[in-house]
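Engineer: Predicted model and sequence below, questions to follow.
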Amino acid sequence: MTLLGCSPVTALTPIGVAISPALGEKRAVPDRGLTIKALGGTLRSVTVTAAGLPVLGRYHHNRTEWRSSWSLRPGTDHLVTAVTTDRRVSGRFRTLTATPATPPKVDPLPGETVGVGMPIVVEFKVPVPDRAAVERAFEVVPDRPVEGGWHWFSDTQAVWRPRSYWQPGTRVRFTAHLTGLRFAPGVYGTTDPSATFVVGRSMSSHIDTANHRMTVHRDGLLAQEMAISAGMATTKEYTTTSGVHLTMEKKEKVRMVSPRRKPGDPEYYDLMIDHAVRISNSGEYVHAKDNTWAQGRLNVSHGCVNARPDKAKWFFDNSLRGDPVVIVGTDRPLEPANGWGFWQLTWNAWKAGSALAS
């Protein structure tokens, strides 16, 4: 007897789910992140939590894949649920335990109101082994479109600045998603330093050392004029630097001592100075000094810019960190890495300092 075969039947193929790291893993590597793929179909939903907090991620445009946005938290159970059109997969994995990396210092401070030239400065305690990975973990979110970028001045300092000065009133949120990034063997980030700051009014100063004058404009209008005395220029260190400075900090009193000199040496000094606003890392301040005989006439300082006490107090009281101070008239240019001399670089030179520059 001959048996006749049945006609072909097309079966519905089940949709598989691939998860990396695998569910059940006990020592997942944090900086490899989490990937979930639907094999032969699409993902309807993905939910991941770590220590009770959601793990953020993004779908591929066709929803066949989901990837975590950032690295994973070390030493933590991650609970995963992935739903496709025909199945639900749930489980957990654990990342390896790590020694916490020292968090970096971030400027501006959370909640700070800053000037229109303010950069975001991230200072690490130890050299960063993978600048590109760290730069990808930085997130700058202004409340309006702003073109900007990162520049590495060293293995320990990364700086973000806009292409042009900020618009007054801009609100900016910065987050360094460093949790799960590897900084040394067995050492991973465990915190995400962040700061939200606001750009205040526009205030910029112009100092002409040849004419011994300083003018300050606020929101486009002349706000203050003052006679000044700048560096005497007998040596390089006593020459005021020319270029675009930013106000970095201010103190009611600062002790200023001549570098590499001792009492009795020529041009030695040890002074307490009032209303000091720092504009570089080479000892330059705009500050008060009662030497009106020189202000507006001669440059006799040791490199700082000094003004009459009442004028200097006005500048001190009205300054925000990140206010531009443009100095002209000397033959000593401000180096981009001297303090916050970041606006000394052209935009193309700035972009070339990114770890992600092509």
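Structural biologist: Thanks, I have it.
Engineer: going forward, measure contacts and count neighbours with C-alpha atoms only.
Structural biologist: Will do.
Engineer: pretty sure residue 314 belongs to a helix, no?
Structural biologist: Yes - applying DSSP: H, G, I helix; E, B strand; the rest coil, one finds residue 314 inside a helix.
Engineer: Next, work out how far apart the closest residue to residue 27 other than its chain neighbours and residue 137 are.
Structural biologist: Of all residues not flanking residue 27 in the chain, residue 96 sits nearest, at 4.1 Å (C-alpha to C-alpha, 6 or more residues apart in numbering). In this view, residue 96 and residue 137 are 20 Å apart by C-alpha to C-alpha, to the nearest Å.
Engineer: Check residue 269 too.
Structural biologist: Counting by C-alpha to C-alpha, the gap from residue 269 to residue 137 is 46 Å.
Engineer: out of these two, which sits in the busier spot?
Structural biologist: Neighbour totals were compared for residue 269 and residue 137, and residue 137 leads with 18 against 15 (other C-alpha atoms under 10 Å).
Engineer: how near is that one to residue 192?
Structural biologist: Separation of residue 137 from residue 192 (C-alpha to C-alpha): 9 Å.
Engineer: who touches both of the two?
Structural biologist: Here residue 137 and residue 192 have 176-178 as joint contacts, going by C-alpha atoms under 8 Å, 6 or more residues apart in numbering.
Engineer: how about the residues you listed in TSV, adding pLDDT?
Structural biologist: As requested, these are exported to TSV (pLDDT from 0 to 100):
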residue	pLDDT
176	98
177	98
178	98
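Engineer: What about those, which are in strands?
Structural biologist: Members of the shared contacts of residue 137 and residue 192 lying in strands (criterion: DSSP state E): residue 176.
Engineer: Can you list the low-confidence ranges for the stretch 201-350 of the chain?
Structural biologist: Judged by pLDDT under 70, the stretch 201-350 of the chain has no weakly predicted residues.
Engineer: the strands in it, which residues?
Structural biologist: Ranges of strands in the stretch 201-350 of the chain, per DSSP state E, counting those that start in this stretch, are 203-208, 213-218, 221-229, 243-246, 249-257, 270-278, 285-288, 305-307, 324-328.
Engineer: Tell me which of those strands approaches residue 121 most closely.
Structural biologist: Each of the strands of the stretch 201-350 of the chain has some distance to residue 121 by C-alpha to C-alpha; the shortest is strand 243-246, at 12.8 Å.
Engineer: hey, C-alpha coordinates of the closest one in CSV?
Structural biologist: Taking Å, rounded to 0.1, in the frame of the first residue of the first chain, the C-alpha atoms of strand 243-246 are listed here in CSV:
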residue,chain,number,x,y,z
GLY,A,243,43.8,87.6,25.5
VAL,A,244,40.4,86.4,26.5
HIS,A,245,40.4,85.6,30.2
LEU,A,246,37.5,84.4,32.4
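Engineer: What pairs with it, parallel or antiparallel?
Structural biologist: strand 324-328 (antiparallel) (DSSP bridges).
Engineer: buried stuff in the partner strand?
Structural biologist: Across strand 324-328, burial judged by 16 or more other C-alpha atoms under 10 Å covers 324-328.
Engineer: any idea how far the residue nearest to residue 204 when sequence neighbours are not counted is from residue 281?
Structural biologist: Closest residue in space to residue 204, ignoring its immediate chain neighbours: residue 324 at 4.9 Å, by C-alpha to C-alpha, 6+ apart. With the distance defined as C-alpha to C-alpha, residue 324 ends up 15 Å from residue 281.
Engineer: Now for the residue nearest the centre of the chain: which residues touch it?
Structural biologist: Geometric centre of the chain, nearest residue: residue 120, 3.0 Å, by C-alpha atoms, centre = their mean. Residues near residue 120 by C-alpha under 8 Å, 6+ apart: 106-108, 159-161.
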